[in-house]
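# Build me a structure from this.
(one chain, ligands or ions: 1)
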Amino acid sequence: PDLATSFLEQPLDNPLMNAAGVWCTLAAQLDALVESSAGALVTKSCTLSRRDGNAEPRYRALPLGSINSMGLPNEGYAYYLDYAACHDYERKPLFVSVSGLSLDDNLTIVAALREAVLPAFLELNLSCPNVEGKPQPGYDFEAMDQFLAEVATAYRRPFGVKLPPYFDFVHFDTAAEILNRYDNLAFITCINSIGNGLVIDTDSESTVIRPKDGFGGLGGDYVLPTALANVNAFYRRCPGKTIIGCGGVQTGAHVFQHLLAGATLVQVGTALHEEGPSIFDRLQHELRELMAKKGYSRIEEFRGRLKTL
Ligand SMILES: CC(C)(C)CCc1c(C(=O)O)[nH]c(=O)[nH]c1=O
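Residues are numbered from 1 along each chain as shown. Predicted coordinates for the structure are as follows:
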């Protein structure tokens, strides 16, 4: 079976890539993803200036996934624009994730990315911090609309958004209605971690990460059904947009499920953090094996064809 696919008219060897934030903060990590068999890669969400991020421990792997409250540690947007300027786009697509600390910061970064005239794809993180006392833009539909109106106008090129998970059909409907208003909003990545979970260690009777009294974003097995739901909800509601699936991928079968739900590309976070870039070889092997067993030779034969009962 052949895993070749395309994204916004760009050919890719396969649909797999890292999730923003995982194995992508430093150039050496990004180089390892370029050398790996990943079909594409994305940089750590960046801010105007370099950030140390939160105190450690700020990430913990668990039997069923992970919890993190990293606090946006990153080298600052110029670092990632420099990396993007040196990337070989013939080899594989590069995405730049942006998570400015304010709308203005986002506009500054987006303008710089536009000025650089690079073939990199912009993934705007809508879980970015916003005004104190207000929810993240992904959960504040007025702010989300405002962000998109200004970024879409300023960037004027195709871009995408990274969405937090939604759990209510009215939220799927409202978010999709906003996203569909922006013609150059070309792709939607679902989902970011499930926010503010709390993992407790029974023996120590303590939280397991230091920041935010132990509250942090969940990844891994905990989030797969929610990730698949959000991929399929936006796939159904935004026929003109390309969906990137993210959340809970650990096996070739999980990749298959994301594709069936309507994803074009599939991002790997927690499992990549734990296994390293060789995971992309394993996932492709497992996906090919599953496709062969089912008699599929290409992804387009089943992508988006989730059956209902
Ligand atoms: C949570 C924020 C720090 C506001 C954004 C960056 C981010 C982080 C992070 O850097 O803590 N972790 C996630 O799982 N998703 C994210 O989008």
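# Angles on the backbone of Gln10, please.
Note on Gln10: backbone dihedrals following degrees, to the nearest 10 are phi -100, psi 130.
# Begin at 9 from now on, thanks
Renumbered: residue one is now 9, and that last one reads Gln18.
# tell me what whatever helix or strand Leu130 lives in is packed against?
Here Leu130 sits within strand 129-133, counting by DSSP states H and E. For strand 129-133, the contact count by 3 or more CB pairs under 8 Å, 6 or more residues apart in numbering; DSSP states H and E identifies strand 102-106, helix 111-124, helix 149-163, strand 167-171, strand 193-198 as packing neighbours. For every residue, glycine as well, the C-beta is placed using N, CA and C.
# Between helix 111-124 and it, find me the angle.
180 degrees (axes from the mean of the first three to the mean of the last three CA atoms, to 10 degrees).
# Pull strand 129-133 out as PDB, backbone CA atoms only.
Taking Å, rounded to 0.1, in the frame of the first residue of the first chain, the C-alpha atoms of strand 129-133 are listed here in PDB:
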ATOM      1  CA  PHE A 129       2.400  26.800   6.600                       C
ATOM      2  CA  LEU A 130       1.100  29.000   9.500                       C
ATOM      3  CA  GLU A 131      -0.700  27.000  12.300                       C
ATOM      4  CA  LEU A 132      -2.200  29.600  14.600                       C
ATOM      5  CA  ASN A 133      -2.600  28.200  18.100                       C
END
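# Within the sheet, what are the partner strands of it, with directions?
Sheet partners assigned to strand 129-133 using DSSP bridges are listed as strand 102-106 (parallel), strand 167-171 (parallel).
# how much does it deviate in direction from helix 149-163?
Here strand 129-133 points in a direction 160 degrees away from that of helix 149-163 (the same axes, to 10 degrees).
# Any residue of strand 129-133 touching the ligand?
Yes - residues of strand 129-133 contacting the ligand under CB under 6 Å from any ligand atom: Asn133.
# What are the contacting residues of that strand?
16, 28, 50, 53, 101-107, 114, 118, 121, 155, 159, 163, 165-170, 195, 197, 200 (CB atoms under 8 Å, 6 or more residues apart in numbering).
# One more: stretch 58-75?
By CB under 8 Å, 6+ apart, stretch 58-75 touches 76-84, 87, 205, 207, 216-220, 224-231, 256, 277-278, 281-282.
# let's go with 7 Å and repeat that
76-84, 205, 207, 216-219, 224-231, 278, 281-282 (CB atoms under 7 Å, 6 or more residues apart in numbering).
# circling back to that earlier point, which ones among the contacts of strand 129-133 also lie next to the ligand?
Counting by CB under 6 Å from any ligand atom, Ser53, Ser107, Asn200 from the contacts of strand 129-133 sit close to the ligand.
# can you give me the helices for the stretch 9-158 of the chain?
Ranges of helices in the stretch 9-158 of the chain, per DSSP state H, counting those that start in this stretch, are 35-43, 85-94, 111-124, 149-163.
# Adding mean pLDDT and distance to Lys142, write those helices out as a markdown table.
Shown next, in a markdown table, are the helices of the stretch 9-158 of the chain (pLDDT from 0 to 100; distance: least, CB to CB, whole Å):
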| stretch | mean pLDDT | distance to Lys142 |
| --- | --- | --- |
| helix 35-43 | 99 | 32 |
| helix 85-94 | 98 | 23 |
| helix 111-124 | 97 | 12 |
| helix 149-163 | 97 | 7 |
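# Select, out of those, the one closest to Asn240.
Closest approach to Asn240 among the helices of the stretch 9-158 of the chain is made by helix 149-163 (20.6 Å; CB to CB).
# What is that closest one packed up against?
Helix 149-163 is packed against helix 111-124, helix 177-187, with contacts defined by 3 or more CB pairs under 7 Å, 6 or more residues apart in numbering; DSSP states H and E.
# quick one: buried residues of the longest one?
Put plainly, it is helix 111-124. Leu111, Asp113, Asn114, Leu115, Thr116, Ile117, Val118, Leu121 (16 or more other CB atoms under 10 Å).
# mind saving the C-alpha coords of that helix as PDB?
Below are the C-alpha coordinates for helix 111-124, written out as PDB (Å, rounded to 0.1, in the frame of the first residue of the first chain):
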ATOM      1  CA  LEU A 111      -3.500  39.600  19.500                       C
ATOM      2  CA  ASP A 112      -1.000  42.300  18.800                       C
ATOM      3  CA  ASP A 113       1.900  39.900  19.300                       C
ATOM      4  CA  ASN A 114       0.300  37.400  17.000                       C
ATOM      5  CA  LEU A 115      -0.100  40.100  14.300                       C
ATOM      6  CA  THR A 116       3.600  41.100  14.600                       C
ATOM      7  CA  ILE A 117       4.700  37.400  14.200                       C
ATOM      8  CA  VAL A 118       2.200  36.800  11.400                       C
ATOM      9  CA  ALA A 119       3.400  39.900   9.500                       C
ATOM     10  CA  ALA A 120       7.000  38.800   9.900                       C
ATOM     11  CA  LEU A 121       6.100  35.400   8.500                       C
ATOM     12  CA  ARG A 122       4.300  37.000   5.600                       C
ATOM     13  CA  GLU A 123       7.300  39.300   4.900                       C
ATOM     14  CA  ALA A 124       9.700  36.400   4.900                       C
END
